[in-house]
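K.L.:
just to be clear, the model below is a prediction. Sequence and coordinates:
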Amino acid sequence: MNFASYREILAVGSVRRLILIAMIARIPHAAAGVLLTLHVVQTMGLSYAAAGGVAAAITIGMAVGAPWRGRQVDIYGLRRALIPSVIAEVLVWSVAPFLSYQLLVIAAVIGGLFAVPIFSVVRQALGVMVPQEQRRTAYALDSMGAEITFMVGPAAGVMLATTIHTVVGLIIIGVSSALAGLLLMWTNPPTRTGQPGAYVAKTASPVVVLDGGLVKIVEGSTKISGNVFGNFWGNTRNNLSWVNLSVLAVLGASLGAGLVLSGTDVGMVATLRATDQVGDLGIVFFFWCGASLLGGLIYGALKRSINPLWLLGAMAILTIPMGFATNAWTLGLLSILPGMLCAPVLTSSAEHIADLVEERRRGEAMGWYGSSMTIGSAMGAPFAGAMIDSIGPWAGFVIIGVIAGALAVSGLLVQRVLRNRRTVSTLDDFEDLLGEAEPV
């Protein structure tokens, strides 16, 4: 392990500033979920099911919007791409608190669609601000910052709802989100190699790595024309030409991670409600989030990357024993091992996406990465809830663990088949590409 790598990255002022901005910018979004729930239930006097409908509307908007917003960054650059988001954040959340439920659902979709793409922008920027061998550490730092944010955000949402009012709180959320977008526009972190603040590679030779039998071409000082996967996916000019089975496997890992995280969240609440210990939920989150921070710290110091599907499979298996918890303390202790793999799964997934996708498509790819995690989160809660309602709290952990484990195994099998079948053909394709390389 090399913990000194953290010091090297944090010594770069622009990287340190971006990670801090990311932590601050995520707080409004982290607070919005609980604040909207309290607004629908407390202020509007509707059911929790109705609140879930609004949450689902935001999820749909974000799942569709993240890749689209990421693609706008790829095409127009960061500042121009963020202008619609900054305007929409203020307008939507300043009007939404005064709408009827039906219109609130529509506003939630629009709000999710135009949400400032903090996650994808920060990951995309870090991918070009640090050398490739330090991406793991940079992404781990960002994941740990996100964990801290999601410990602070919900509490901030509750504070706004209880000390002021949910209407005022939602307006504050909108203004804060817009300010976060303006802060990103002001700092304008690089999203492409060659932009001010981007890392300048010292090597003149491209590095080639085989991953699941597919070629990954690491950025160097050469520009490659053509596409190894052109015969399989069509012309490189197509919008989704960067997609291949290796990328889909990584997106499956991020989907599985979202599935486990949201399902575990529901299972924790159900377990403590069954034992009349909901007030001790903070104890469980302390162990769970603290373990994730520790896991992210350790993973970021590793010298080699770990396949995110292996990490997902381990986290899924270790989540199942949480069903045996009988109180807050046992639930918290049982959450330590799966919790230690939360940040590493997300870090490894982002790292592999950055390696597998060419730079000019990376914003869109990171958007899909965020969307897959969002979709997984949206699926995890109802899956776990259905099992909890029909069987009991313990079943929520089991079904989530089994589904995520099966997803991980399926992805690993796909990678193995690709590795066995495509190694020879990929090397042949790479030899052809070397002949087409154009010096920069």
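P.N.:
Noted; the coordinates are in hand. Numbering: from 1, shown residues only.
K.L.:
the spatially most central residue of the chain sits in which helix or strand?
P.N.:
By CA atoms, centre = their mean, the chain has its centre lying nearest to Gly370, at 4.4 Å. Assigned by DSSP states H and E, Gly370 belongs to helix 362-390.
K.L.:
please parse the chain into its domains.
P.N.:
1-200, 201-440 (automatic domain parsing).
K.L.:
show me what the helix or strand that contains Ile298 is packed up against.
P.N.:
In the assignment (DSSP H and E), Ile298 maps to helix 281-300. On a contact count with 3 or more CB pairs under 8 Å, 6 or more residues apart in numbering; DSSP states H and E, helix 281-300 meets helix 4-10, helix 135-163, helix 245-274, helix 328-334, helix 336-339, helix 342-356. Placement of C-beta: from N, CA and C, glycine included.
K.L.:
buried set for it?
P.N.:
281, 283-285, 287-293, 295-297, 299-300 (16 or more other CB atoms under 10 Å).
K.L.:
thinking again about what came up before, and the angle for the helix holding Gly370 with helix 342-356?
P.N.:
Angle of helix 362-390 versus helix 342-356, following axes from the mean of the first three to the mean of the last three CA atoms, to 10 degrees, is 150 degrees.
K.L.:
for helix 362-390, buried residues please.
P.N.:
Buried, per 16+ other CB under 10 Å, within helix 362-390: 362-381, 383-385, 387-388.
K.L.:
other SSEs contacting it?
P.N.:
Judged by 3+ CB pairs under 8 Å, 6+ apart, the packing partners of helix 362-390 are helix 48-76, helix 118-129, helix 245-274, helix 342-356, helix 393-436.
K.L.:
the third one: how far from the chain's middle?
P.N.:
Taking the mean C-alpha point of helix 245-274 and that of its whole chain, the gap between them comes to 12 Å (CA atoms, centre = their mean, to the nearest Å).
K.L.:
in that helix, what's buried?
P.N.:
Here helix 245-274 shows 245-247, 249-272 as buried, counting by 16+ other CB under 10 Å.
K.L.:
list the helices and strands that helix packs on?
P.N.:
helix 281-300, helix 308-319, helix 328-334, helix 342-356, helix 362-390, helix 393-436.
K.L.:
what's the mean pLDDT across it?
P.N.:
For helix 245-274, the mean per-residue pLDDT is 83.
K.L.:
next: the longest one.
P.N.:
Taken as a whole, helix 393-436 has an average pLDDT of 76.
K.L.:
repeat that for stretch 133-142.
P.N.:
Mean predicted confidence for stretch 133-142 is 83.
K.L.:
can you check stretch 157-169 too?
P.N.:
Computed over stretch 157-169, the average pLDDT equals 83.
K.L.:
from the chain's centroid, how far away is it?
P.N.:
The answer for stretch 157-169 is 27 Å, by CA atoms, centre = their mean.
K.L.:
ok so, going back, any idea which of the buried residues of helix 281-300 is closest to Arg416?
P.N.:
Taking CB to CB as the measure, Arg416 lies nearest Tyr299 of the buried residues of helix 281-300, at 23.4 Å.
K.L.:
can you tell me how far that closest one is from Leu309?
P.N.:
Here Tyr299 is placed at a distance of 15 Å from Leu309 (CB to CB, to the nearest Å).
K.L.:
same check on Met322?
P.N.:
21 Å.
K.L.:
ditto for Trp186
P.N.:
From Trp186 to Leu309 the distance is 38 Å (CB to CB).
K.L.:
looking at these two, which one has more neighbours?
P.N.:
It is Leu309, of Trp186 and Leu309, that has more neighbours when counted by other CB atoms under 10 Å, with 27 against 9.
K.L.:
between the buried residues of helix 281-300, which is closest to Arg7?
P.N.:
Among the buried residues of helix 281-300, and counting by CB to CB, the member closest to Arg7 is Gly300, at 11.8 Å.
K.L.:
count of neighbours near the residue lying closest to the closest one once chain neighbours are set aside?
P.N.:
The shortest distance from Gly300 to any non-neighbouring residue, by CB to CB, 6 or more residues apart in numbering, is to Ala140 (2.7 Å). Ala140 is flanked by 28 other residues according to other CB under 10 Å.
K.L.:
hey, C-alpha coordinates of stretch 55-68 in CSV?
P.N.:
Coordinates of each C-alpha in stretch 55-68 appear next as CSV, following Å, rounded to 0.1, in the frame of the first residue of the first chain:
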residue,chain,number,x,y,z
ALA,A,55,-38.5,10.4,-5.2
ALA,A,56,-39.1,8.0,-8.2
ALA,A,57,-39.8,11.0,-10.5
ILE,A,58,-36.4,12.6,-9.5
THR,A,59,-34.7,9.3,-10.0
ILE,A,60,-36.1,9.0,-13.5
GLY,A,61,-35.1,12.5,-14.4
MET,A,62,-31.6,12.0,-13.1
ALA,A,63,-31.2,8.6,-14.8
VAL,A,64,-32.1,10.2,-18.2
GLY,A,65,-30.4,13.5,-17.6
ALA,A,66,-26.9,12.4,-16.3
PRO,A,67,-25.7,10.9,-19.6
TRP,A,68,-27.3,13.7,-21.6
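K.L.:
and that stretch, how far out from the chain middle?
P.N.:
Worked out by CA atoms, centre = their mean, stretch 55-68 lies 13 Å from the chain centre.
K.L.:
contacts for it, please.
P.N.:
Identification of contacts with stretch 55-68 by CB atoms under 8 Å, 6 or more residues apart in numbering yields 32-33, 36-37, 105-106, 108-115, 117, 119-120, 364, 367-368, 370-371, 374-375, 377-378.
K.L.:
correct me, but Val34 touches Met159?
P.N.:
No: counting by CB atoms under 8 Å, Val34 does not reach Met159; the two are 10.1 Å apart.
K.L.:
more neighbours, the two?
P.N.:
Shown here are Val34 and Met159; by other CB under 10 Å, Val34 has more neighbours (20 against 13).
K.L.:
now the more buried one: closest residue in space that isn't a chain neighbour?
P.N.:
Val34 sits nearest to Gly157 (CB to CB, 6+ apart), 4.0 Å away.
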